[in-house]
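> My questions are about this predicted structure, shown below with the sequence.
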Amino acid sequence: MKKKILIIKIGYSETLDPEIGRVPSLGDVLRTTPILWALKEKYPESHITWLVAEQAEPLLRGNKFIDRVLVWDEFVPFQLMREKFDVLINLEKIPGICALSDMVDAWTKYGFRFDSIEGAYHAYEKGMIFIEYLRDKSANNKPKDFWQKVLIEMLGVAWKGQEYIIGYLPKTKETYDIGLNYKIGNKWPTKVMSKGKWEELANKLTGLGYTISWQQGLSDLYEYMDWLNSCKVIISHDSLGMHISLALKKKAIGLFGSTDHQEIYRYGHTRIIHPKIDCPQMPCYSTKCLTNLNCMENIRLEEIVENVRSLHGRP
């Protein structure tokens, strides 16, 4: 019989960041998908269920390795407490979800569990690497390794640069030279470069003869993925758009400031730009600037243009 595997990655909390929230992080769900390669390597004959927030479900629909997508609601926990699994992987740190993970009947468990003494999250034996990672990151704001690598090695599988997996096949063809992915959600405003700087960048690029498209599909994930696919090069904050670009194997330029680009494996087709300023807090992983230096406003537009030229093969 096939091994029954349950992945709990709803998107409510960043897996390898101390933050715990209630606003789904769609990018966090997508960048978890490389573990599917590892699971299929470790358990070739397996049936995989993924529990996810409704907002992120389109990112998983049609995924070739996922047999069942369960959308989180008030009834699903009762179903899971009565269903049997061989393997459970919980990548959520919200204490109530960790408690649910403990109550699910599974032979082997990875990731986060509930600490009944502290009323908080901790980790199963096969997830202690997460606790060590989070402790080290909290101590100095520096990640130890690529996010994807940490997740895959937790499962006891070798890191081989396993890629993101997305089920949706965009319907568009490449039409624009450059896509400006300038908006992100309200969860992390310190990741954002101001609209004025984006407009200045657009003027520089159009002046060099590049065709520009501003971010589209803000209310529909499928339209958003179609728009990203229609651009030859994506310029993006550290956001969902950057992760979808990685999944679609697009050439991309990622702009980083308050978060650390060293957590992101680039798969050979993504450039990273960060401000060259002397900020003792950067990367701060904070939703508010701690120094008033506003790191994203210190990104050099000339550096972005140079990378655009390189990716387009222009002198």
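Thanks, I have the structure now.

> in a strand, that's where I235 is, yeah?
Yes. I235 forms part of a strand when assessed by DSSP: H, G, I helix; E, B strand; the rest coil.

> Quick one: low-confidence residue ranges for this structure.
Along the chain, the parts satisfying pLDDT under 70 run over 141, 143-144, 315.

> Which parts of it are strands?
3-8, 46-52, 68-71, 84-90, 105-115, 120-123, 176-181, 212-214, 231-237, 251-255, 270-273 (DSSP state E).

> of those, which approaches G96 most closely?
strand 105-115 (8.2 Å; CB to CB). Backbone N, C-alpha and C define where each C-beta goes, glycine included.

> follow-up on the earlier one: with mean neighbour count and distance to F130 as new columns, can the strands of the chain be given to me in a markdown table?
Formatted as a markdown table, the strands of the chain follow (neighbours: other CB atoms under 10 Å; distance: least, CB to CB, whole Å):
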| stretch | mean neighbour count | distance to F130 |
| --- | --- | --- |
| strand 3-8 | 22 | 14 |
| strand 46-52 | 21 | 18 |
| strand 68-71 | 16 | 23 |
| strand 84-90 | 21 | 10 |
| strand 105-115 | 19 | 7 |
| strand 120-123 | 20 | 5 |
| strand 176-181 | 23 | 29 |
| strand 212-214 | 16 | 38 |
| strand 231-237 | 24 | 26 |
| strand 251-255 | 24 | 24 |
| strand 270-273 | 19 | 24 |
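
> Now tabulate those strands in JSON lines and tack on distance to G96.
Converted to JSON lines, the strands of the chain look like this (distance: least, CB to CB, whole Å):
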{"stretch": "strand 3-8", "distance to G96": "12"}
{"stretch": "strand 46-52", "distance to G96": "13"}
{"stretch": "strand 68-71", "distance to G96": "17"}
{"stretch": "strand 84-90", "distance to G96": "12"}
{"stretch": "strand 105-115", "distance to G96": "8"}
{"stretch": "strand 120-123", "distance to G96": "10"}
{"stretch": "strand 176-181", "distance to G96": "33"}
{"stretch": "strand 212-214", "distance to G96": "40"}
{"stretch": "strand 231-237", "distance to G96": "31"}
{"stretch": "strand 251-255", "distance to G96": "33"}
{"stretch": "strand 270-273", "distance to G96": "36"}
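
> Out of those strands, which gets nearest to K142?
strand 270-273 (15.5 Å).

> For the closest one, enumerate the helices and strands it packs against.
helix 240-247, strand 251-255, helix 301-312 (3 or more CB pairs under 8 Å, 6 or more residues apart in numbering; DSSP states H and E).
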